[in-house]
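# this one's sequence-less:
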């Protein structure tokens with residue numbers, strides 16, 4: 001079967017050091033599962049079968065995962081990881097439709113890649129694609145740390161672990177009056193629903209991806225808080241400005257449109 005692989009980060013990790021190494025399970029960090037969900041939902045809404053790929057391809061969509069890209073991959077809204085400021089060896093050509101923000105564009109352009117000035121994290125489309133009921137104002141506050149901050153983030157009664165089921169965490173974010181934390185995708189998804197959000201500076205993550213996202217949504221002078229309490233006091237950042245070309249840049253051409261024969 002010809003398929004388009006939706007590249008995303010979800011390695012298997014050992015369940016316990018007291019159990020055999022073969023007993024492992026996926027990390028399932030919710031932010032890294034957003035890409036396949038958004039792509040699948042966009043295909044469903046357009047009546048495009050996920051198994052109708054025109055050719056074998058890889059789509060790098062959502063997240064700081066461009067270091068996972070291979071030569072010839074299609075890029076839609078992904079970004080550079082501030083901890084891995086490089087591409088994999090042998091990546092000479094990328095078909096870039098959109099990138100998360102201007103910092104990623106500048107980085108790729110510096111390597112000679114042709115990168116359009118189309119910015120945005122496709123997680124910003126979640127609010128428009130979500131069809132489940134939302135209990136508006138069901139939560140005063142939701143706190144979501146970055147996966148690498150969990151052990152160092154102060155415990156809070158409103159905290160949601162980033163390995164919570166994707167649909168559950170999206171529902172919790174959508175029902176909140178305010179979302180804060182160091183999880184970039186908690187911020188992105190909150191803003192997609194029009195929920196005010198404030199970044200709490202990460203202990204473990206470089207500023208690169210946050211600068212990239214806020215710069216790509218018209219807020220290069222964003223102000224991260226240093227604590228949850230400060231974030232609550234500050235309230236949400238000004239609303240994101242979403243580039244409508246992000247949705248227009250979705251690479252639907254990788255699949256066969258309804259009513260058309262195979263390529």
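Everything's here; your move. Keep in mind that what you see is a predicted model, and the values were worked out from it rather than measured. Numbering: from 1, shown residues only.

# what domains does the record give for this protein?
4-122+245-254, 125-234 (automatic domain parsing).

# quickly, which of those domains bottoms out on average pLDDT?
The minimum mean pLDDT among those belongs to domain 4-122+245-254 (a mean of 89).

# my guess is residue 211 contacts residue 101, does it?
Yes. Applying CB atoms under 8 Å as the test, residue 211 and residue 101 come out as touching, 7.4 Å apart. (Each C-beta comes from the backbone N, C-alpha and C, glycine too.)

# who has more neighbours, those two?
Neighbours were counted for residue 211 and for residue 101 using other CB atoms under 10 Å; residue 101 has more, 24 against 17.

# next up, phi/psi of that one, please.
phi -170, psi -180 (degrees, to the nearest 10).

# state the distance from it to residue 161.
For residue 101, the distance to residue 161 (CB to CB, to the nearest Å) stands at 27 Å.

# now do the strands in this protein.
In the chain, the segments counted as strands under DSSP state E are 4-7, 12-14, 24-26, 57-61, 74-78, 95-99, 142-143, 179-181, 197-199.

# switch those strands over to a markdown table; also include distance to residue 252 and mean neighbour count.
What follows is these, written out as a markdown table (distance: least, CB to CB, whole Å; neighbours: other CB atoms under 10 Å):
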| stretch | distance to residue 252 | mean neighbour count |
| --- | --- | --- |
| strand 4-7 | 10 | 19 |
| strand 12-14 | 31 | 11 |
| strand 24-26 | 28 | 12 |
| strand 57-61 | 11 | 23 |
| strand 74-78 | 10 | 26 |
| strand 95-99 | 10 | 25 |
| strand 142-143 | 33 | 24 |
| strand 179-181 | 30 | 30 |
| strand 197-199 | 29 | 25 |
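
# will you turn the ones you listed into TSV that also has distance to residue 189?
Putting the strands of the chain into TSV (distance: least, CB to CB, whole Å) gives the following:
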stretch	distance to residue 189
strand 4-7	18
strand 12-14	24
strand 24-26	20
strand 57-61	15
strand 74-78	14
strand 95-99	18
strand 142-143	10
strand 179-181	8
strand 197-199	9
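
# among these, which comes closest to residue 150?
Closest to residue 150 of the strands of the chain is strand 179-181 (CB to CB; 10.3 Å).

# sheet-wise, list the partners of that closest one with their directions.
Using DSSP bridges, the strands paired with strand 179-181 are strand 142-143 (parallel), strand 197-199 (parallel).

# how far does the longest one sit from the chain's center?
With CA atoms, centre = their mean, to the nearest Å as the basis, the distance from the averaged C-alpha position of strand 197-199 to the chain average is 15 Å.

# equivalent analysis for stretch 43-51, please.
21 Å.

# other residues contacting that stretch?
With contacts defined as CB atoms under 8 Å, 6 or more residues apart in numbering, stretch 43-51 is touched by 1, 2, 3, 4, 40, 129, 252, 255, 256, 257, 258.

# what about it, start to end distance?
10 Å (CA to CA, to the nearest Å).

# got it, and stretch 199-212?
End to end - CA to CA - stretch 199-212 spans 13 Å.

# buried residues, that stretch. List them.
Of all the residues in stretch 199-212, those buried under the rule 16 or more other CB atoms under 10 Å are 199, 200, 201, 202, 205, 208, 209, 210, 211, 212.

# need these in JSON lines (columns: distance to residue 86).
As requested, those are arranged in JSON lines below (distance: CB to CB, whole Å):
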{"residue": "199", "distance to residue 86": "25"}
{"residue": "200", "distance to residue 86": "28"}
{"residue": "201", "distance to residue 86": "24"}
{"residue": "202", "distance to residue 86": "21"}
{"residue": "205", "distance to residue 86": "17"}
{"residue": "208", "distance to residue 86": "13"}
{"residue": "209", "distance to residue 86": "15"}
{"residue": "210", "distance to residue 86": "19"}
{"residue": "211", "distance to residue 86": "18"}
{"residue": "212", "distance to residue 86": "16"}
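
# sounds good, over and out.
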